[in-house]
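**Student:** 3D, please:
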Amino acid sequence: MSKFGELINSNVPVLFDFFTEWNEDSVSMHPVLRDVAAALGDSVRIIKINVDKNPELSEALRIKGLPTLIIYKQGEMKWRQSGILDGNSLITLLKKYAS
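**Tutor:** The predicted structure is shown next:
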């Protein structure tokens, strides 16, 4: 989890996607997140975290629904939502925190 601490302290927004490969909604977010990353480039970071491989972090953040998307910037949680979201909404959200 120390790596997680380093990631959330970034000066650019970091979008975490907590997912599993067996959850249909989680899998459907993969291409959306790829498109968001391509659209925003270096102004944000997108990190995918498989909850099955990271149970301690998932428990610490109380991840219940999948996918769960969380935006951190400079060590502070800025936004959190469980469930799918379209690419344009994510881009708008991330741009808000990138400035």
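**Student:** what about the residue nearest in space to the middle of the chain, which helix or strand?
**Tutor:** When CA atoms, centre = their mean is applied to the chain, the residue found nearest the centroid is Phe16 (1.9 Å). In this structure, Phe16 sits in strand 14-19 according to DSSP states H and E.
**Student:** which secondary structure elements does that strand contact?
**Tutor:** On a contact count with 3 or more CB pairs under 8 Å, 6 or more residues apart in numbering; DSSP states H and E, strand 14-19 meets helix 2-8, helix 24-40, strand 45-50, strand 68-73. (C-beta placed from N, C-alpha, C; glycine too.)
**Student:** List phi and psi for the residue lying closest to Ser28 once chain neighbours are set aside.
**Tutor:** Leaving out its chain neighbours, the residue that sits closest to Ser28 by CB to CB, 6 or more residues apart in numbering is Ile84, at 6.1 Å. Backbone dihedrals for Ile84, given as degrees, to the nearest 10, come out at phi -80, psi 150.
**Student:** Mind pulling the model confidence for Ile84?
**Tutor:** According to the prediction, Ile84 has pLDDT 95.
**Student:** For it, the count of nearby residues, please.
**Tutor:** Using other CB atoms under 10 Å as the criterion, Ile84 is surrounded by 14 other residues.
**Student:** Which positions in stretch 73-93 come out as buried?
**Tutor:** For stretch 73-93, the neighbour count (16 or more other CB atoms under 10 Å) marks 73, 78-79, 85, 87, 90-91, 93 as buried.
**Student:** Stretch 20-39 too?
**Tutor:** Using 16+ other CB under 10 Å as the test for burial, stretch 20-39 gives 20, 26, 29, 32-33, 36-37.
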